[in-house]
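Student: quick one, what's the 3D model for this:
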Amino acid sequence: MLKTETKNNIQVGKLEGTDRLNAPIAPVVKDELIEHLSKNNYKIVLDLENIRFIDSTGIGVLISVLKSTRENNGSFILQNVNKDVMSLLSLMKLDKVFDFSNE
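Tutor: I've put the predicted structure just below:
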């Protein structure tokens, strides 16, 4: 589900095989992200280019991963966020919480 690669010395993770980050896949995504972060000094960019829908469970995963990275002095950046997903994050005021990149 989570495919990672190094780009310009930065670990970039991308969710593949789905256009949703919702309850059915959220636990798997969370486990994969936490495992990857612990191996890479809690630094990652998560590319959400393919994600068109996030539910409350998916948002919970993103918040949990952000909390974990901050507790470990790491960085967690969301990249290529779809406009509908960004609208939801903005509505919840999470656009002020997460760091974003449009690479």
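
Student: helices of this protein, residue ranges please.
Tutor: Defined through DSSP state H, the helices belonging to the chain, from first to last, are 26-39, 56-71, 83-91.

Student: which strand residues bridge Arg20?
Tutor: Phe53 (DSSP bridges).

Student: and the helices of the chain as TSV, adding distance to Phe98, mean neighbour count and mean pLDDT?
Tutor: Where C-beta positions appear, they are placed from N, C-alpha and C, glycine not excepted. Shown next, in TSV, are those (distance: least, C-beta to C-beta, whole Å; neighbours: other C-beta atoms under 10 Å; pLDDT from 0 to 100):
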stretch	distance to Phe98	mean neighbour count	mean pLDDT
helix 26-39	14	16	90
helix 56-71	6	17	95
helix 83-91	7	14	96
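
Student: what is the burial count for the nearest residue to Leu89 once chain neighbours are set aside?
Tutor: Once its chain neighbours are removed from consideration, Leu89 has its nearest residue in Asp95; the separation is 5.1 Å (C-beta to C-beta, 6 or more residues apart in numbering). Each residue near Asp95 was counted by other C-beta atoms under 10 Å, and the total is 15.

Student: how near is Asp95 to Asn8?
Tutor: When C-beta to C-beta, to the nearest Å is applied, the distance between Asp95 and Asn8 equals 25 Å.

Student: over to Asp55?
Tutor: Per C-beta to C-beta, Asp55 is found 32 Å from Asn8.

Student: of these two, give the one with the bigger neighbour count.
Tutor: Set side by side, Asp55 and Asn8 show unequal neighbour counts under other C-beta under 10 Å, the larger going to Asp55 at 14 against 6.

Student: isn't the more buried one right up against Pro24?
Tutor: No: taking C-beta atoms under 8 Å as the definition, Asp55 is not a contact partner of Pro24, at 9.6 Å.

Student: follow-up on the earlier one: now the helices of the chain in JSON lines, with distance to Phe100?
Tutor: JSON lines is the format used below for those (distance: least, C-beta to C-beta, whole Å):
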{"stretch": "helix 26-39", "distance to Phe100": "17"}
{"stretch": "helix 56-71", "distance to Phe100": "12"}
{"stretch": "helix 83-91", "distance to Phe100": "8"}
